[in-house]
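Student: Quick one: sequence plus predicted model below, questions after.
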Amino acid sequence: MARGVYARAPPYTHRPMPQTLAAPAHSELIIKKSRFIGCVQPMADRASAQAAVDALWKQHPGAAHICWALLAGGQSAAVDDGEPGGTAGRPMLDVLRHQDLEGVLATVVRYFGGVKLGAGGLVRAYTDTVAQALLTAPKVTLQRMALLQCQVPYSLEGLLRREIEAAGAELVDVQHGTLVSLQLRLPQTQAVPFVQRINDHGQGRVGWTEPEV
């Protein structure tokens, strides 16, 4: 069976399409003499995020903390950087999640003003700094893609190629053996109806297999 796709349409619940940022956006708040400098920006992975944070330390060597949160699938992270546990990185990550974002790094540089804010005050400060930056951040919708692979008899190859072209899908690979194996990529929202359409045409002669990535 193809990854993430069923021969019969599974029950789907409607979710907004995830978004990422087209460019960085910034904010700055002063709360009880502490200065919070926020930035949200597109970021693909944890290594890139760490490099961005390292660069911030060079720009702000006198900062008390640089807290950050990365929302990027399995590479997501939330870092308090010395603030009390759960008062910075996690709330920042929650802001990104609540806005259905993906592939985004949020950073907040804090210059301590001498007045302690308490756990609740810190959560609000870091949350508000990220939320303010996101208000002006240009967003773009991400399109999730599905990778499908099927095997068909030679007599169906032409039909399948036409269907792939008509759907605007990308033909990734074709291998000819006892059967013809085709691998294709298309938007995830189109995957289930595409599989159903091919199954209808194939009348039991189409076999869906796990894609070899």
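Tutor: Done, it's in.
Student: Phi, psi for residue 96 please.
Tutor: Main-chain dihedrals, residue 96, degrees, to the nearest 10: phi -60, psi -40.
Student: can you count the residues close to it?
Tutor: Here the number of neighbours of residue 96 (other CB atoms under 10 Å) works out to 23. Just so you know, the C-beta spots here come from the backbone N, C-alpha and C atoms, and that holds for glycine as well.
Student: could you measure it against residue 79, distance?
Tutor: Per CB to CB, to the nearest Å, residue 96 is found 14 Å from residue 79.
Student: Next: residue 53.
Tutor: Counting by CB to CB - residue 53 and residue 79 are separated by 8 Å.
Student: Ok, residue 122 next?
Tutor: Taken as CB to CB, the span from residue 122 to residue 79 is 14 Å.
Student: Give me the more crowded residue out of those two.
Tutor: residue 122 (24 against 21).
Student: Just give the closest residue to the more buried one, not the sequence neighbours.
Tutor: residue 87 (3.9 Å; CB to CB, 6 or more residues apart in numbering).
Student: try residue 68
Tutor: Nearest to residue 68 is residue 107, by CB to CB, 6+ apart, at 4.5 Å.
Student: Buried residues in the helix or strand hosting residue 27, which are they?
Tutor: Under the criterion of DSSP states H and E, residue 27 resides in strand 25-31. Within strand 25-31, the residues scored as buried using 16 or more other CB atoms under 10 Å are 25, 27, 29, 31.
Student: re earlier: which neighbours do residue 53 and residue 79 have in common?
Tutor: Shared contacts of residue 53 and residue 79 (CB atoms under 8 Å, 6 or more residues apart in numbering): residue 68.
Student: Quick check: residue 59 vs residue 137, distance?
Tutor: 20 Å.
Student: Could you look up the SS state of the residue nearest to residue 68?
Tutor: Under DSSP: H, G, I helix; E, B strand; the rest coil, residue 107 falls in the strand class.
Student: now for the helix or strand of the chain with the lowest mean pLDDT, which elements pack on it?
Tutor: Within the chain, confidence by mean pLDDT, DSSP states H and E is lowest for strand 139-141 among all helices and strands, at a mean of 87. Judged by 3 or more CB pairs under 8 Å, 6 or more residues apart in numbering; DSSP states H and E, strand 139-141 is in contact with strand 19-21.
Student: my guess is residue 52 meets residue 105, correct?
Tutor: Yes: with contact defined as CB atoms under 8 Å, residue 52 counts as touching residue 105 (6.1 Å).
Student: These two: who's more crowded?
Tutor: residue 105 (27 against 17).
Student: mind listing what that one touches?
Tutor: 39-43, 48-49, 52, 68-70, 72.
Student: Just send those residues back as TSV, with pLDDT and distance to residue 179 too.
Tutor: TSV is the format used below for the contacts of residue 105 (pLDDT from 0 to 100; distance: CB to CB, whole Å):
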residue	pLDDT	distance to residue 179
39	98	52
40	98	49
41	97	47
42	95	42
43	95	42
48	95	42
49	96	44
52	97	48
68	98	50
69	98	47
70	97	43
72	92	38
